[in-house]
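Asker: Okay, predicted coordinates and the sequence, questions at the end:
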Amino acid sequence: MRKPLPIVLLCVLVLPAFSQEKQSSENPFSTVNKRGYERTKGILLRSAEKMPEENYTFKPVDSVRTYGQIIGHLADAQYLFCSTASGEKNPDLKIEKTKTSKADLVAALKEGFAFCDKVYDEMTDAAATQTAKFFGNDVPKFAVLSINIGHNMEHYGNLVTYMRIKGIVPPTSEQGQMPAPKQDKGEAQPKK
């Protein structure tokens, strides 16, 4: 039974694909965390860009932040969470308190995400298990970066409310942004 050539060819074709798959699965927790971060980053940047300049000072009631202050708070938070996870000093830019124009706030948010990008890019599962001081507690770096994602989505919820009040469709509700749920035959379509 001589079939070495097909086996060798199969190995030559399959090994590179297996090697690439192995590389992406070496850090499954960090990879999933990074994907979640990338999704929230995209949603928040679209939200910041979508709201007109005149609505950056809008707040539904006096006791909450303006739309612009939330964007500034999110920019500040990227530095807080990612400096904690990386061990770098937080530059503590106080963006929420010092920036007011849409252009400045969108730019600051982009810079905050750029700061975080390198932290998520360089994080490995092994490094993610190391602890960092976070609000006085020893917390795994993975948790710090996961909390950042949750914090981003928490404030996206605020932004959605502000956008809806102003008659603006939020990024995650735009046509084509979310795949339609699979339905059984005969099941009624949900209304949007």
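Answerer: Done, it's in. Numbers count the residues shown, from 1 in each chain.

Asker: and the residue lying closest to residue 87 once chain neighbours are set aside, what does it touch?
Answerer: Of all residues beyond its chain neighbours, the one nearest residue 87 is residue 132 (6.9 Å), with distances taken as C-beta to C-beta, 6 or more residues apart in numbering. To be clear about C-beta, it is placed using only N, CA and C from the backbone, and glycine gets the same treatment. Contact partners of residue 132, counting by C-beta atoms under 8 Å, 6 or more residues apart in numbering, are 84, 85, 87, 138, 139, 140, 141, 144.

Asker: what separates the closest residue to residue 102 other than its chain neighbours from residue 137, distance-wise?
Answerer: With sequence-adjacent residues excluded and distances taken as C-beta to C-beta, 6+ apart, residue 102 is closest to residue 53, at 4.3 Å. To residue 137, residue 53 is 40 Å away according to C-beta to C-beta, to the nearest Å.

Asker: and if you look at residue 149?
Answerer: Remark: distance between residue 149 and residue 137 (C-beta to C-beta) = 19 Å.

Asker: Which of the two has more residues huddled nearby?
Answerer: Just comparing residue 149 and residue 137: by other C-beta atoms under 10 Å the higher neighbour count belongs to residue 149, 20 against 9.

Asker: show me the contacts for that one.
Answerer: Contacts of residue 149 (C-beta under 8 Å, 6+ apart): 33, 36, 37, 40.

Asker: Could you identify the longest helix within this structure?
Answerer: Ordering each helix of the chain by length in residues (DSSP state H) puts helix 141-165 first.

Asker: Pull the number of nearby residues for residue 122.
Answerer: When neighbours are counted by other C-beta under 10 Å, residue 122 registers 11.

Asker: Could I get the pLDDT score of the closest residue to it other than its chain neighbours?
Answerer: Spatial nearest neighbour of residue 122, chain neighbours left out: residue 86 (7.8 Å); criterion: C-beta to C-beta, 6+ apart. In the prediction, the pLDDT value recorded for residue 86 is 98.

Asker: Spit out the contact partners of residue 86.
Answerer: Residue 86 neighbours (C-beta under 8 Å, 6+ apart): 118, 119, 122.

Asker: for this protein, which spans come out with low pLDDT?
Answerer: Along the chain, segments meeting pLDDT under 70 span 1-24, 177-192.

Asker: Can you show me the helices along it?
Answerer: In the chain, the helices defined using DSSP H lie at 4-25, 28-50, 67-86, 95-98, 102-122, 125-128, 141-165.

Asker: right, and the residue nearest to residue 102 touches residue 105 too?
Answerer: No: using C-beta atoms under 8 Å, residue 53 is not in contact with residue 105; the gap is 9.9 Å.

Asker: Which one of these two is surrounded by more residues?
Answerer: residue 105 (25 against 12).

Asker: thought that one was touching residue 68?
Answerer: Yes: between residue 105 and residue 68 a contact is recorded at 5.4 Å, counting by C-beta under 8 Å.
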